[in-house]
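S.K.: Pasted the sequence and its predicted model underneath.
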Amino acid sequence: MSLEDLVEEIRRRGEAELQSITQARTTETARIVAERDRRVAEIRTEAARATEVEVARERAQRLAAAKLQSRKQLYEAREKRLAAAIDGTRELLEQYTTSSAYSPTLKRMLQTATDALGKSVRVMGRAEDAALLAKIAGKTFDPTPQPILGGLVAETSDGSRRLNLSFDELLRLREDRVRELLA
């Protein structure tokens, strides 16, 4: 083999090796670019999914908060309306104390008190009802005025038992029932 043949052989081998290295580099570059593009697409897809999940969660939270606020406002409005209705009921009871049906009601209340507590009861009521209660209860009437809307308060002579038949107390005891009727 001559020197020129040897140089040519070395050059061919070098070019072939260079070409295989260049081709390997191109292939590896393409593989790296494809892997990079795949990972970028994967990251974008995951980010979009995570964003949608977060948006859905935030939307659900805001919707739940709005519903809760709505229920709260509805409850407050209902309570306000019921409180106004109960105040209206109090006004009606106050008007009732000036009607002619009030005296028989006090008599029935006194009868209920004596049935429950015995004959010797002390009867108390409003200052406005003092004359009427003194007439109905007689000697058992205690003229000490009570801060009540109407009705009477009866107590045993020794003070051990008490029956509050005032309109205030009767309304308080039956407030749930009144609320049901008004709702």
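M.R.: In hand now; what should we look at? These numbers were taken from a predicted model, which means no experiment stands behind them.
S.K.: Which element, helix or strand, includes the most centrally placed residue in the chain?
M.R.: In the chain, the centroid-proximal residue (Cα atoms, centre = their mean) is Lys72; its distance is 5.4 Å. Taking DSSP states H and E as the definition, one finds Lys72 inside helix 3-96.
S.K.: Can you name every helix or strand that that helix contacts?
M.R.: Counting contacts by 3 or more Cβ pairs under 8 Å, 6 or more residues apart in numbering; DSSP states H and E, helix 3-96 packs against helix 167-173, helix 175-182. The C-beta positions use only the backbone N, C-alpha and C, and glycine is treated the same way.
S.K.: Mind listing residues that contact the next helix or strand after that helix?
M.R.: Using DSSP H and E, the helix or strand that follows helix 3-96 in sequence is helix 102-117. With contacts defined as Cβ atoms under 8 Å, 6 or more residues apart in numbering, helix 102-117 is touched by 96, 121, 123, 125, 129, 132-133, 136-137, 150-152, 154-156, 161, 163, 165.
S.K.: Of these, which count as buried by neighbour count?
M.R.: 121, 123, 125, 129, 132-133, 136-137, 150-152, 154-156, 163, 165 (16 or more other Cβ atoms under 10 Å).
S.K.: Now, the residues you listed that are in helices?
M.R.: Leu132, Leu133, Ile136, Ala137 (DSSP state H).
S.K.: Check the first one and give its pLDDT.
M.R.: Leu132 carries a pLDDT value of 91.
S.K.: OK, contacts around it?
M.R.: Tyr102, Ser103, Leu106.
S.K.: And the third one, by the same measure?
M.R.: For Ile136, the residues meeting the contact criterion (Cβ under 8 Å, 6+ apart) are Ser103, Leu106, Lys107, Leu110, Val123.
S.K.: Can you check the pLDDT for the second one?
M.R.: By that I understand Leu106. pLDDT, read off for Leu106, is 92.
S.K.: Is there a neighbour count for it? I'd like the number.
M.R.: The number of residues packed near Leu106 is 22, by other Cβ atoms under 10 Å.
S.K.: From Val53, how far out is it?
M.R.: Going from Leu106 to Val53 by Cβ to Cβ, to the nearest Å gives 70 Å.
S.K.: buried residues in stretch 81-98?
M.R.: Ile86, Thr89, Leu93, Thr97.
S.K.: which residues touch His153?
M.R.: For residue 153 the amino acid is Val, not His. Val123, Met124, Gly125, Gln146, Arg162, Leu163, Asn164, Leu165, Ser166.
S.K.: Name the nearest residue to it, ignoring sequence neighbours.
M.R.: Leaving out its chain neighbours, the residue that sits closest to Val153 by Cβ to Cβ, 6 or more residues apart in numbering is Met124, at 4.7 Å.
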